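> with the sequence up front, the predicted model follows.
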Amino acid sequence: MEIRTVHANGVEFAYLSLGDGPLALCLHGFPDTAHTWRHLMPELAGRGYRAVAPFMRGYAPTEVPDCFELGALAADVAALHEELGGDADAVVIGHDWGAFGVYGTAGRFRRAVAMSVMPMAHQARVFLRYEQLKRSFYSFVFATGLGELAATQPGFWGSLWADWSPGYDARADLEFVRRSLGEPANLSAALGYYRALLGTAPPSGRYAAEQAAVQAGPAGEILYLHGAQDGCMGAELVEGLDQALPAGSRIELVAQAGHFLHLERPAEVNRLILDWIS
């Protein structure tokens, strides 16, 4: 896979690219990198797509901007779509924070896939359950000035991945994360997503329309995938999700998989995605 750069929405993005054809935009989450799509991208290329996986804003080698609101993520996805071709056959796939980029822009793409994080309207109904609040302790730590100190404790990333995807060997992924978030500015950028979401960073006021689109949820039908053993967002939260998704959407629980289901069960997840986009 080649690493290239593109200027979109005022940010210089680095991205991995493989194949030729209609755009298949693959959006990673936290704490992760574009390399998370290393199993899916060859399959997309083999089906005649140009698979593109950007390092999301703030994740090296992408530039560190000054805003990490959900609306900024949606604006990034729309701008990347345009700068990378903007074709009518383009598809978008997002995991974790990348899912919010899907929710705010799904209507721009022929097909859309989101994984592991539900739309805001559904989260508002289920996030405050006691068991989920315990799982989400890190969000509240990251929203404070303790975030950088906590995240740089020895073994922190490995423990987080082990909790979220029990039994998965994340050593290769953790090395990618260390390269991408090893500098203080990049780490603070990654934590900035949580500070914007939880209101401990002041709103920029620059992305009101995009923010509203993310909060409203996907405008077009999507495929939603969730690991049955997800230790970050419990699989029980998927119940009732169909009410928050447009008609024609599909929900699949992937057995024996946690939060990083596309890395843990690549053959099954790839098949579900490829079937959906075809």
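Thanks, I have it. Numbers count the residues shown, from 1 in each chain.

> report the distance from the helix or strand encompassing Ala51 to the chain centre.
Here Ala51, judged by DSSP states H and E, is contained in strand 50-54. Distance, stretch centre to chain centre, for strand 50-54: 14 Å (CA atoms, centre = their mean, to the nearest Å).

> in stretch 261-276, what's buried?
261-266, 268-270, 272-273, 276 (16 or more other CB atoms under 10 Å). In this view, the C-beta of every residue, glycine as well, is placed from N, C-alpha and C.

> circling back: and after the strand holding Ala51, which helix or strand comes next?
That would be, after strand 50-54 and using DSSP H and E, helix 70-83.

> packing partners of that following helix?
With contacts taken as 3 or more CB pairs under 8 Å, 6 or more residues apart in numbering; DSSP states H and E, helix 70-83 sits against strand 2-8, strand 11-18, strand 23-27, strand 50-54, helix 97-103, helix 208-216.

> for these, which one sits closest to His226?
Comparing the helices and strands packed on helix 70-83 against His226 with CB to CB, the closest turns out to be helix 97-103 (10.3 Å).

> quick one: the strands in this structure, in order.
2-8, 11-18, 23-27, 50-54, 91-95, 111-115, 223-227, 250-254 (DSSP state E).

> narrow the buried residues of stretch 261-276 to those in helices?
Among these, the residues falling in helices (DSSP state H) are 261-264, 266, 268-270, 272-273, 276.

> ok, so of those, who is nearest Phe137?
Leu261 (21.8 Å).

> if I look at that closest one, how far off is Ile251?
From Leu261 over to Ile251 the distance is 13 Å, taken as CB to CB, to the nearest Å.

> chain center to stretch 118-133, what's the gap?
Relative to its chain's centre, stretch 118-133 lies at 17 Å (CA atoms, centre = their mean).

> what about the closest residue to Gly258 other than its chain neighbours, how many neighbours?
Leaving aside its sequence neighbours, Gly258 sits nearest to Ser165 (CB to CB, 6 or more residues apart in numbering; 3.4 Å). Each residue near Ser165 was counted by other CB atoms under 10 Å, and the total is 23.

> so what's Ser165 up against?
By CB atoms under 8 Å, 6 or more residues apart in numbering, the contact set of Ser165 is 227, 229-231, 257-261, 263-264.

> was I right about Tyr138 contacting Leu160?
Yes - between Tyr138 and Leu160 there is a contact under CB atoms under 8 Å: 6.8 Å.

> state the distance from the residue most central in space within the chain to Phe137.
Nearest residue to the geometric centre of the chain (CA atoms, centre = their mean): Gly98, 2.2 Å. Distance from Gly98 to Phe137, counting by CB to CB: 22 Å.
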